[in-house]
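Student: Predicted coordinates and the sequence they were generated for:
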Amino acid sequence: MSWLAFIALFIYLTLGWHFCRTRLAGRGVIHTGAENAILLLALAIHGLALWPALAEPPLHFGAAEALSMIAWLALITYLLGHLAFPLEGLQPPVIGLTVVLLGLSLVLPPGHVLTYTQNGVSRLHFLAAMLAYGLFTNATGVAILMRLADRRLHHASANLLVQKLPPLLALERLLFACISTGFLLLTVALVTGITFSEEIFGRALEFNHKIVLSVAAWLVYGLLLLGRRLRGWRGRVATLWTTTGFFLLILGYIGSRFVLDVILHRPGLG
């Protein structure tokens, strides 16, 4: 698994250098078809690196696997978003985020074996949760870039990365597309999580810090979407709520996995 992940990381780093050179420095030639082909190759290798831990029994999952999978899903989300929105110029920060998350996953210890019963509900819970995290990771990255793009409107001396970003309206549309879909998936994850716990342990989920923070994040994203619909929230308000929700979510899930896997060396529920 590790050597495949290192190959994917090397390709991401090479692509990141290429995107910085062509999009930011304005050097070299842009070959969109070749770039997309290499990026899809890296995604395929990255997916193969994740496969043994997540699909071959006994299943392993922890902070390392979560960070790697979130990076993988966030990059897929960007590629799908590129089909619907003009996102040229977004490649350097997206690849940079992927490299950071995958790199962190490689220095953390592997997750513990998942000991609970695998069934349809538990698999749906896991898939919905991971997809939601990937979408919210992208949304947070876009929110940060929106703040930078906002500076472009007010400062003529904005740095090169800011100058090359897509239009602010395109970033905003991508932001709310990610949040809307992520909110639905997080709702599914919370509901199936309760059902999953009752089926296996005979009781509803305990309200530990992970659940409390996840529900708090769900409320933050829900209120943001409601505010968007009723009050037209956008710009700085939207980016603040987005980053707040992501902080709660990542602290609740990745934080708990990190404590269990790295500090306490104990398996968790998932």
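Tutor: Happy to help now that I have it. Keep in mind the model is a prediction, meaning the values are calculated, not measured.

Student: ok, now how distant is residue 103 from residue 95?
Tutor: 12 Å (Cβ to Cβ, to the nearest Å). Placement of C-beta: from N, CA and C, glycine included.

Student: try residue 234
Tutor: Taken as Cβ to Cβ, the span from residue 234 to residue 95 is 27 Å.

Student: hmm, back to that, neighbour count: residue 103 and residue 95, which is higher?
Tutor: Between residue 103 and residue 95, counted using other Cβ atoms under 10 Å, residue 95 has the larger neighbour count: 24 against 17.

Student: Quick check: the more buried one touching residue 18?
Tutor: No - using Cβ atoms under 8 Å, residue 95 makes no contact with residue 18, being 9.1 Å away.

Student: between these two, what contacts are shared?
Tutor: The contact sets of residue 95 and residue 18 do not overlap (Cβ atoms under 8 Å, 6 or more residues apart in numbering).

Student: which residue ranges form the strands in the stretch 51-200 of the chain?
Tutor: For the stretch 51-200 of the chain, applying DSSP state E, counting those that start in this stretch gives strands covering 60-61, 112-113.

Student: Verify the stated contact: residue 6 with residue 103.
Tutor: No - taking contacts as Cβ under 8 Å, residue 6 lies outside contact range of residue 103: 9.9 Å.

Student: which residues are in contact with both of these two?
Tutor: Common neighbours of residue 6 and residue 103, using Cβ under 8 Å, 6+ apart, do not exist here.

Student: Nearest residue to residue 248 in space, please, no chain neighbours.
Tutor: Nearest residue to residue 248, sequence neighbours excluded (Cβ to Cβ, 6 or more residues apart in numbering): residue 217, at 4.0 Å.

Student: can you pull the contacts of residue 233?
Tutor: 224, 227, 241.

Student: Filter those residues down to the buried ones.
Tutor: 224, 241 (16 or more other Cβ atoms under 10 Å).

Student: In helices, which of the contacts of residue 233 fall?
Tutor: Using DSSP state H, the members of those that fall in helices are 224, 227, 241.

Student: Tell me the confidence at the first one?
Tutor: Residue 224 carries a pLDDT score of 96 in this model.

Student: measure it to residue 242 for me?
Tutor: As judged by Cβ to Cβ, residue 224 and residue 242 stand 7 Å apart.

Student: shared neighbours, the two?
Tutor: residue 179.
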